[in-house]
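# Structure of the sequence below:
(chains A and B)
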Amino acid sequence: MFGKVLVANRGEIAVRVIRALREAGIRSVAVYSEADRASLAVQMADEAAPIGPTAAAESYLAIDKIIDAACEHGADAIHPGYGFLSENPEFAEACSDAGITFIGPPASAIRSMGSKTAARRLAISAGAPVVPGTETAVETFAEARLIAASLGYPVLLKAAAGGGGKGMRRVDREADLEAALRDAASEALRAFRNAEVYLEKVVVEPRHIEIQILGDQHGHLIHLGERECSLQRRHQKVVEECPSPVMRDYPELREKMGAAALKIARSAGYYNAGTMEFLVDRDRNFYFLEMNTRLQVEHPVTELVTGFDLVQWQLKIAAGEPLTIGQGDVKWSGSAIECRIYAENPEQGFMPSPGKITRWREPSGPGVRLDSSVYEGWNVPLEYDPLLAKLIAWAPTRELATARLHGALQEFIIGGIHTNREFFAGILEDEEFRAGRLSTAFLEGFFGRRETPEIDLETEAVAALVAALESRRSAAGAKTEAAKSMWAQAGRIAQLR
Amino acid sequence: MTFDVTILERTPRERAAKLVLQEGAFTYTREDGGSIAKTFSIEPGGDGRYSVLIEGHSYQVVLVGNGEVVVNGRTLQVSVEDPRKLRGRGSAERGHGRQTIASPMPGRVIRLLVEVGQEVEAGQGLIVVEAMKMQNEMKSPKAGKILEIRTSAGAAVAAGDALLVME
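Residues are numbered from 1 along each chain as shown, chains lettered A, B, ... in the order given. Predicted coordinates for the structure are as follows:
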C-alpha cells in the first residue's frame, strides 16, 4: 500500500479522500490555489503544496505543477477526485512517467471512454443499447442542421469531452440550433479545452440511472448496482438515490443494466471505480449515455446501501491488490438519498451565490452523513463549482430515508449566502417524489405545482420577536448596561410568569 | 416597546406587521389581519442561537445575518423599524425610459451580443456573464434600443455593476 498520496482536487471531495487516507494510515498531501489557502482540505491534510493562481487552468488543471508537487513531497500516488484532471488521460500518463501511481483506470480506458463518441462506438460493439445520434463530432452548423432534422427534434448538443452539464444544450427547434451550437462549443472549449460537440436525439422524460462498477487489475469486475439521478437542473444532478424506485417494482432491471455496464467495462479494459450512465424510458428500455472514469460526486449513496467504501477500494485496486468482493457478496440494504447543497438561489433561476458563510451548523442523527468542506467564516469562492456539501440520509426504507433527510435539512443552518436547502425540503414533501415518479423533467413540473405552505402566525411572530430584541440590543451597542439589561429583562420576564 | 415589522419569505411576498412587547408578553398584529397575544420566554444561546418558548411550544431560532431569521428550519427575512423614524423609501425607477441592466451576480463577461444603437426585442439575449463555471445569458427586459455599453468581454463584474443602458 502507498505511504503518501497527493489529492489533486479541492472542496468536499478533497476532504473525503483525505479522510479515507487517514483511516488507511496513509499520509496525505493537499494542493491549493491562491483562493483555497484557507480551505478545510489544506487544514486536514498532513502536508500541503501551493500550485498557483486561482484560475483552475493555472492550478488544478496544471499537470506539471501537480506532478512537481507530488515529487517534491515524495507522494507515491495521486488521487484525482472528480472533475479537473480526473478524466484526463495525459494526466494519468504524466503520473506514470514520473513514477507515480494514478489512482484510477488505465490511461487507455480513460481515452476510449473519455470521448463520448468513442464511448458510444465501444458500447455499440460491446452490444449495449445507445441513444440514436452522431458517431463523430459535428463540424459545422450546416451539418448539424441536417443531422438534427433526420433525428427529429428535440435534440441535445453535448461536449465530446464533457461532464457535469457543461457544454450541453437542448434544442427544440431549428431556429435555436445555431446559437445553441455556438454557446455549447464555446462553453466546451472553456471548460475542457476542446470545442468538439456532438448531437443526439432526446429521449423524452427519461429516468437517469447509472451503474457503479468496480474492478481490479487482475480482470475481476463487479457492479454495485444503480443510483437514480433523475433530478437535475441545467443537466446537473441535485438529488441522487439508491436503490432507484423503479427497481422496487422491476428488480430484474438492475441485473440487466449491471450486465450491460460490465460488458462495456470489460471491452474497454477497465479497472478501478467507474460509472456507466444510462437513460431509462417509460417502458424501462435503457440506453447507454456515457461513462465516468472516476469517482462520482454521488458515490456515498452506494456506500451507505452496499456497505463498501469506494475510496478505500480505489486505493487498494491502484496498489495492485485484488478485489475480494464477488458479485454474490453485493447486497443492497435499505435506501439512501443525497442532496447536493449548492451556493445558489433556486428562487432566482439557480443563480450562483458566492460569499462569506456567516453561520454553519451541521445536522446529525442516525443515518445522517454530511460530506462537506465548509466551515463558519469561510468564503465561497466565485471561481469554482458552487457545491458546498452533500447531505445524505440512509434508512431501512425510502420513506424513512426521505423523512430523515427532511429532518436533517431542517437542522442544517447556513447563513450569509443563498442555498437550495429549503428548496430540497419542498422536493422531499412533494407527492410525486414520495411516489418515486421521477424523470429528468421532474424539476420543471415541480416548479409548476409546488406551493409554499402558508407560514403560521406564531412562527412569524417568533421571528419578529427575536429580530426586534436583537435590534434593540445592537442599538444599545457599546452601552453595555443597556445591552445586558435587554436579556436580563427577558429573563426576569420569564421568571415572573 | 413597539416595533414595525416587515416579513419577507422566499417568494416576493412582503407582509407588514406590528409587534408590541410588554412585561413577558407580546402582541403581534399583521396589517392584513390576524393577531396573537401570548406570553413568552427567550434564552440566548450565543452564536446567534435563541430558544423561544411560547406557552409550552418550543422554537429554535438562529439569526444567520443579513436580516435572515431561521425558525425551526424555515428562513424568514425580517426587518424591524422604529415606527417614529421617517420612512424614506426610494421610488422605483423601473418602467419606461432609460433602464440600466446590472449584473445580478459577480462574475466575468464572456460575450456581448449587442452593439450601441442596436434595436432589441424583449427577451433577446444582451450579454453572457459567467460565474461558477455556468454561463448565464441576460435577456432584455423590454423592446428598445441600446444606448450605452459599460463593460467589455473578459471584464470582471460585481453584483449590481451596470453593464448596459437601454431605453
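# count of neighbours near the residue of chain B found nearest chain A?
Going by C-beta to the nearest C-beta, chain A is nearest to residue B:64 of chain B, at 2.5 Å. Where C-beta positions appear, they are placed from N, C-alpha and C, glycine not excepted. Using other C-beta atoms under 10 Å in any protein chain shown, residue B:64 has 20 other residues around it.
# Using the three-state scheme, assign it.
Using DSSP: H, G, I helix; E, B strand; the rest coil, the structure places residue B:64 in strand.
# The nearest residue to it once chain neighbours are set aside: what's it in contact with?
In space, and not counting its chain neighbours, residue B:64 is closest to residue A:415: 2.5 Å by C-beta to C-beta, 6 or more residues apart in numbering or on different chains. Residue A:415 makes contacts with A:357-360, B:48, B:62-66, B:68, B:70, as judged by C-beta atoms under 8 Å, 6 or more residues apart in numbering or on different chains.
# Among the residues you listed, name the buried ones.
When these are checked for burial by 16 or more other C-beta atoms under 10 Å in any protein chain shown, the buried set is A:357-360, B:48, B:62-64, B:68, B:70.
# Per-residue pLDDT of the residue of chain B closest to chain A, please?
On the pLDDT scale, residue B:64 is placed at 88.
# That one reaches residue B:48, doesn't it?
Yes - under the criterion of C-beta atoms under 8 Å, residue B:64 makes contact with residue B:48 at 6.7 Å.
# joint contacts of those two?
With C-beta under 8 Å, 6+ apart as the test, residue B:64 and residue B:48 both reach A:359, A:415.
# so how far is the lowest-mean-pLDDT helix or strand in chain B off the chain centroid?
In chain B, no helix or strand scores lower on mean pLDDT, DSSP states H and E than strand B:134-139, which sits at a mean of 77. Its chain's average C-alpha position is 20 Å from that of strand B:134-139, according to C-alpha atoms, centre = their mean, to the nearest Å.
# Could you do stretch A:93-103 as well?
25 Å.
# tell me the mean pLDDT over that stretch?
In the prediction, stretch A:93-103 has an average pLDDT of 98.
# Quote the end-to-end distance of it.
12 Å (C-alpha to C-alpha, to the nearest Å).
# residues making contact with that stretch?
In contact with stretch A:93-103 (C-beta under 8 Å, 6+ apart) are residues A:2, A:5-6, A:63-64, A:67, A:70-71, A:75-80, A:91-92, A:107, A:272, A:314-315, A:318-319.
# how about that stretch: buried residues?
A:93-95, A:98, A:100-103.
# if we can go back for a sec, from the buried ones among the contacts of residue A:415, which is closest to residue A:252?
residue A:360 (44.2 Å; C-beta to C-beta).
# Point me to the residue of chain A nearest chain B.
residue A:415 (2.5 Å).
# Kindly state the beta-bridge partners for that residue.
residue A:359 (DSSP bridges).
# How much space separates it from residue B:56?
Distance, residue A:415 to residue B:56, using C-beta to C-beta, to the nearest Å: 28 Å.
# again, but for residue A:319
Counting by C-beta to C-beta, the gap from residue A:319 to residue B:56 is 59 Å.
# can you list the domains in chain B?
Chain B breaks down into these domains under automatic domain parsing: B:2-81, B:99-166.
# how far is the longest one from where the chain is centred?
For domain B:2-81, the separation from the chain centroid amounts to 18 Å (computed by C-alpha atoms, centre = their mean).
# Mark which of the contacts of stretch A:93-103 are buried, thanks.
A:2, A:5-6, A:63, A:67, A:70, A:75-80, A:91-92, A:107, A:272, A:314-315, A:318.
# The residues you listed in helices, which ones?
A:63, A:67, A:70, A:91-92, A:107, A:314-315, A:318 (DSSP state H).
# which two in those residues are spaced the farthest apart?
Among these, A:63 and A:315 lie farthest apart (C-beta to C-beta), at 21.6 Å.
# Please name the nearest non-neighbouring residue to the residue sitting nearest the centre point of chain A.
By C-alpha atoms, centre = their mean, chain A has its centre lying nearest to residue A:297, at 3.1 Å. Distances taken as C-beta to C-beta, 6+ apart put residue A:82 closest to residue A:297, at 5.8 Å, once the chain neighbours are dropped.
# Great, nothing more from me.
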